[in-house]
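A.B. asks: Here you go, sequence then predicted model.
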Amino acid sequence: MRNQQWLLDSRPEAEAQVGHFKLVTTDTPALKDGQVLVRHHYMSLDPYMRGRMNESKSYAVPQPLGEVMIGGTAGEVVESKHPKFAVGDKVVGMGGWQQYSVVDANVMGALRKVDATHIPLSHYLGAVGMPGVTAWYGLLKICQPKAGETVCVTAASGAVGSAVGALAKARGCRVVGIAGGKDKCDYVVNELGFDACIDYKEHTDGKALNAALKAAAPNGIDCYFENVGGWILDVVLARMNAFGRIAVCGMIAGYDGKPLPLAAPALILMSRLKIEGFIVSEHMEVWPEALKELGGLIATGKFKPRETVAQGIEAAPEAFLGLLKGKNFGKQVVKLV
């Protein structure tokens, strides 16, 4: 099969650009025993990919130059030399930025069969995929919210933030989101069922955001799910209750290499805060339980995830750079079929 692939061609010094990627066309190799050929229907675009483009120390190995960009994929088996996978099976894996992938199906977790009858295939890259499980782990294992507590989440309309809200509401919490723009905040409150959402594009400095957060969370914040970092983290730290818990999932404000100093780190001591960073791929044991709950919330209409869909493999770099600037609404995917 002819296969178009996006390679990482050079590393960004500061802001990532389309020119850092290169589109090539190859042929898929013949299958060996145990291998499966997958045609990707959807490709996932996620903020973590920006960190992988750098050479510097990060929580994951850098993306090698001249190789297919890393990324989650959902598609179907078109050829199989593995007894457990048949042509037509819907599968998710880490096929990367390309139209087809050859997968060694003997590798544990390399390919997972999914049922697309009740849940759209693309959702397995978002709400019932890595972003959803990220929300589940950070909220339930690190923040451990109790009914009646206040949970705050940044990037609230995104793939992870929206799932945090649904999971927290299911546990009887007050949920306050922070998002960029009126449309995103309206969706967060009206469709996702958050109790409040603060538009950081309207409240553009610490003082204004602090006042809005005080009004939205009058009893303070017990659990904070951090996706952004930077000045917003400073404001939230000042509103945290004693013995509050913070799950650090992302720091998108610093992904272009800008330093993110904390304005008042003494608040961590004064409020006796627990702050823990995590990487969801290190917690594979929770995936079945997390996916079961997330799937149930979607099936019962308690969680209505949104997607931004870019069309065609050519669109991937522009869509990815837009995601880093918050241009997407909900989970960003690329539709290939």
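C.D. replies: Structure received.

A.B. asks: need the helices for the stretch 51-200 of the chain, in chain order.
C.D. replies: 130-137, 159-169, 182-190 (DSSP state H, counting those that start in this stretch).

A.B. asks: Of those helices, flag the one that's most buried.
C.D. replies: Mean neighbour count (mean count of other Cβ atoms under 10 Å) peaks for helix 159-169 among the helices of the stretch 51-200 of the chain, with a mean of 29. (Each C-beta comes from the backbone N, C-alpha and C, glycine too.)

A.B. asks: For it, which helices and strands make contact with it?
C.D. replies: Judged by 3 or more Cβ pairs under 8 Å, 6 or more residues apart in numbering; DSSP states H and E, helix 159-169 is in contact with helix 130-137, strand 150-154, strand 174-179, strand 221-226, helix 287-299.

A.B. asks: Other residues contacting it?
C.D. replies: For helix 159-169, the external contacting residues (Cβ atoms under 8 Å, 6 or more residues apart in numbering) are 46, 126-127, 131-132, 134-136, 138-140, 145, 151, 153-156, 175, 177, 179, 188, 192-194, 223, 225, 227, 249-250, 293-294, 297, 302-303, 305-306, 330-332.

A.B. asks: Rounded mean pLDDT for it, please.
C.D. replies: Taken as a whole, helix 159-169 has a mean pLDDT of 97.

A.B. asks: and that helix, how far from the chain's centre?
C.D. replies: Centre-to-centre, helix 159-169 and its host chain are 11 Å apart (Cα atoms, centre = their mean, to the nearest Å).

A.B. asks: Now that helix - C-alpha only, CSV.
C.D. replies: Listed in CSV are the C-alpha atoms of helix 159-169, where the atom choice follows Å, rounded to 0.1, in the frame of the first residue of the first chain:
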residue,chain,number,x,y,z
ALA,A,159,-10.0,16.2,25.8
VAL,A,160,-8.6,15.8,29.3
GLY,A,161,-10.3,18.7,31.1
SER,A,162,-13.8,17.8,29.9
ALA,A,163,-13.3,14.2,31.3
VAL,A,164,-12.1,15.6,34.6
GLY,A,165,-15.3,17.6,34.9
ALA,A,166,-17.6,14.6,34.1
LEU,A,167,-15.8,12.4,36.6
ALA,A,168,-15.8,15.0,39.3
LYS,A,169,-19.5,15.7,38.8
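
A.B. asks: quick check: angle from it to strand 174-179?
C.D. replies: In this structure, helix 159-169 runs at an angle of 170 degrees to strand 174-179, with axes from the mean of the first three to the mean of the last three Cα atoms, to 10 degrees as the basis.

A.B. asks: Can you tell me the closest non-neighbouring residue to residue 243?
C.D. replies: Spatial nearest neighbour of residue 243, excluding adjacent residues (Cβ to Cβ, 6 or more residues apart in numbering): residue 272 at 5.3 Å.

A.B. asks: if I look at the one you found, how far off is residue 182?
C.D. replies: Remark: distance between residue 272 and residue 182 (Cβ to Cβ, to the nearest Å) = 36 Å.

A.B. asks: for residue 215, same thing?
C.D. replies: Residue 215 sits 17 Å away from residue 182, taking Cβ to Cβ as the criterion.

A.B. asks: try residue 298
C.D. replies: For residue 298, the distance to residue 182 equals 25 Å [Cβ to Cβ].

A.B. asks: Check residue 208 too.
C.D. replies: Using Cβ to Cβ, one obtains 15 Å as the distance from residue 208 to residue 182.

A.B. asks: Could you check the pLDDT of residue 61?
C.D. replies: Among the per-residue scores, residue 61 holds a pLDDT of 80.

A.B. asks: Angles on the backbone of it, please.
C.D. replies: When quoted as degrees, to the nearest 10, the phi and psi of residue 61 stand at phi -60, psi 140.

A.B. asks: Name the nearest residue to it, sequence neighbours excluded.
C.D. replies: Spatially, and ignoring its direct neighbours in sequence, residue 61 is nearest to residue 52 (7.8 Å; Cβ to Cβ, 6+ apart).

A.B. asks: Can you tell me how far the one you found is from residue 45?
C.D. replies: Using Cβ to Cβ, which is the criterion applied here, residue 52 is 12 Å from residue 45.

A.B. asks: If you count surrounding residues, which of those two has more?
C.D. replies: Set side by side, residue 52 and residue 45 give different neighbour counts by other Cβ atoms under 10 Å, the larger being at residue 45 (27 against 18).

A.B. asks: Quick check: that one touching residue 332?
C.D. replies: Yes: with contacts counted by Cβ atoms under 8 Å, residue 45 reaches residue 332, the gap being 4.4 Å.

A.B. asks: Right, I'll call it a day here.
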